[in-house]
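> Whatever this is, show me its structure:
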Amino acid sequence: MLLRRRPVAALAALALAAGAVAAAVPSSAGNGHGRGPKHRGQPEPSVVSPLSHSGRWLTDNQGRVVVLHGFNMVAKLPPYDVQQAGFGADDAAFLQQHGFTTIRLGVIWKRLEPSPGIFDDGYLKSVAATVATLADHGIYSLLDFHQDMWNEKFQGEGAPDWAVVDDGLPADPPAGFPGNYFAMPALWRAFDHFWNNDATKSGVRLQDAYAAAWRHVATYFRGDDAVLGYDLLNEPFPGSQWYSCLSPAGCPVFDKQYLAPFVTKMLKAVRSADREHLVFYEPQLSFDFSAGTSIGDPGDALTGFAFHAYCAAAVGAPETPPTRAACDQVEDRTLSNADQQSSTSGDALLLTEWGATDDPQELSSVAADADRHMDSWQEWTYVGGDPSAAKPTEGIIRDLHKPPTGTNVKWDKLAILERPYPQVVAGTPTSWSFDTAARTFSFSYSTHGVSGALRSSLTVVYIPTTGLLGHSYHVIVGGAHVVSAPGASRLVLRTLPGASSVKVTVLP
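Residues are numbered from 1 along each chain as shown. Just a heads-up that it's a prediction; the model follows:
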């Protein structure tokens, strides 16, 4: 996660760089201990089906496009376990009730592998239980190896203590998150050693150990239909090369010489255990603020591009706050850069972080932009208060140990994020948008499947029935007919025989 924080000089420089709905998806076989690996137990029903992709689009087992909206859920404090942090079935039910279908679920390497080569499967069992709870409510989990500033030594989290190789430099100056990225040579050195696959004190090479950790996780979760995929590394930071990444083009040398080979190495490790799940890779950090990427095509048929969009201007000095227009330009360029990466690589797109604020203008603007780009997304974050948060109150839930009801929910913020969107599309989306002033949702799609023949003619659109549209919404549709009940929160459409396109308008 990268949040907006008040100034450090380096950040000012950086700123210059300019359930998938059970009603419509057939059940499929799940797996034993809460949908963990199949060999660990007997099959049980699952409310989700495995997802794949065709180009930029996520797809279900009927060949339909799947669009996901949801949140991040990462426990950044010991024991790094969202269950013990208070995330449970009531939260999953709350998310389902409000139309959310995905969680980016943090897995912290430090807890997973406390000593070189020694893995804590009790931790993975807890992760699997959370995945199963979410799946029971139609919610897919993206397993994210999360890090911010590498380790607690640098005021962050992620890597085990034994994986900190910083040549003994002091962790100075302590500028906090995200300032240490741009001000702390010891942190730069730790990343440099990681990108060079250098050895730890125990003789274990860093990337080799990281790949082995991913192989272990992929072995544990292979066959789990509720897992959307694996996110290889949160916000890869270039270390001492970060200065070279501040141009609009990003840092092609770092991308090609270090980041792309890292992705290839991790893919090889995952694929040695799991050949079915999607694997998502991320660009280096300044992509979040509209810099380009040169990572290229990983060459795997089941890969996705996971990216973040934040307003770089928002880290400037408080006396020069960013304008809405400046932020809109930065964030739209980031989403356009992601479109370009997908066009180049043929990979799926998933906006895995954005928001990280309670500012309604920022949330509304990025949500609308994501609609224009037809992106699936996971907003940061379901609950705030982590050690690297610039604003501890981030999230839509204030306290995980309390039920998601009453004053524990930021209802105004939820109303912005809970918006109409197509969840499953029997065809190829061409556009969708929600005009909050006119209280009108518009959606159109071609009936031609993104990967050929479709095995279902049903399309599902989520309609918030407690928001601007309300219980008595009215549907105008051409090319399909409505088969769901009046006022249903899941508007289900069946394509009419012979229709080449469908156009839908939903009014209050």
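> I'd like the distance between Ala218 and His277.
Separation of Ala218 from His277 (Cβ to Cβ, to the nearest Å): 7 Å. (C-beta placed from N, C-alpha, C; glycine too.)
> Can you tell me the centre-most residue of this protein?
Note on the chain: the residue nearest the mean C-alpha position is Thr352, at 2.4 Å, using Cα atoms, centre = their mean.
> Regarding that residue, what is its secondary structure?
Following DSSP: H, G, I helix; E, B strand; the rest coil, we place Thr352 in the strand state.
> Now list whatever residues contact both of Ala218 and His277.
Counting by Cβ atoms under 8 Å, 6 or more residues apart in numbering, the shared contacts of Ala218 and His277 are Tyr230, Val270.
> For Phe119, give me its contacts.
Listed by Cβ under 8 Å, 6+ apart, the contact set of Phe119 reads Leu112, Glu113, Ala213, His216.
> what are the phi and psi angles of it?
Main-chain torsions, Phe119, degrees, to the nearest 10: phi -110, psi 140.
> now swap in Cys327 and tell me
For Cys327, the backbone dihedrals (degrees, to the nearest 10) come out as phi -60, psi -40.
> I'd like to know how far the closest residue to it other than its chain neighbours sits from Val366.
Once flanking residues are discounted, Cys327 sits nearest to Cys311: 3.7 Å by Cβ to Cβ, 6 or more residues apart in numbering. Computed as Cβ to Cβ, the Cys311 to Val366 distance reads 9 Å.
> Find the residues that touch each one of those two.
Glu331.
> Tell me, what's the model's pLDDT at Ala29?
Ala29 carries a pLDDT value of 30.
> about what we covered before: would you mind listing the residues in contact with the residue nearest to Cys327?
Shown in contact with Cys311 (Cβ under 8 Å, 6+ apart): Arg4, Phe289, Pro322, Ala326, Cys327, Val330, Glu331, Glu362.
> right, and the fifth one touches Ser365 too?
Yes. Between Cys327 and Ser365 there is a contact under Cβ atoms under 8 Å: 7.0 Å.
> So those two - more neighbours on which side?
More crowded of Cys327 and Ser365, by other Cβ atoms under 10 Å: Cys327, with 22 against 18.
> Got phi/psi on Thr459?
Here is the backbone geometry of Thr459 (degrees, to the nearest 10): phi -120, psi 140.
> Would you list the phi and psi of Thr344?
When read as degrees, to the nearest 10, the backbone of Thr344 gives phi -70, psi -40.
> Which residues are in contact with it?
Gly296, Asp297.
> Quick check: pLDDT value at it.
Note for Thr344: predicted pLDDT of 96.
> roughly how far apart are it and Leu259?
Thr344 is 15 Å from Leu259, by Cβ to Cβ.
> Then Ser294?
Going from Ser294 to Leu259 by Cβ to Cβ gives 9 Å.
> now do Glu157
With distances taken as Cβ to Cβ, Glu157 is found 21 Å from Leu259.
> Likewise for Val217?
Using Cβ to Cβ, we find Val217 at a distance of 21 Å from Leu259.
> do Phe71 as well
26 Å.
> where in the protein is pLDDT low?
1-47, 313-320, 386-393 (pLDDT under 70).
> what ranges do the helices span in the protein?
Per DSSP state H, the chain carries helices over the ranges 9-16, 82-85, 89-97, 109-112, 121-135, 179-183, 185-195, 206-221, 252-254, 260-271, 324-345, 360-373, 411-417.
> Dump the C-alpha coordinates for the third one into CSV.
The one in question is helix 89-97. What follows is helix 89-97, C-alpha atoms only, in CSV (Å, rounded to 0.1, in the frame of the first residue of the first chain):
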residue,chain,number,x,y,z
ALA,A,89,-18.0,-14.2,8.7
ASP,A,90,-19.9,-11.1,9.7
ASP,A,91,-17.6,-9.0,7.5
ALA,A,92,-17.9,-11.4,4.6
ALA,A,93,-21.7,-11.2,4.9
PHE,A,94,-21.5,-7.4,5.0
LEU,A,95,-19.4,-7.3,1.9
GLN,A,96,-21.7,-9.7,0.0
GLN,A,97,-24.8,-7.7,1.1
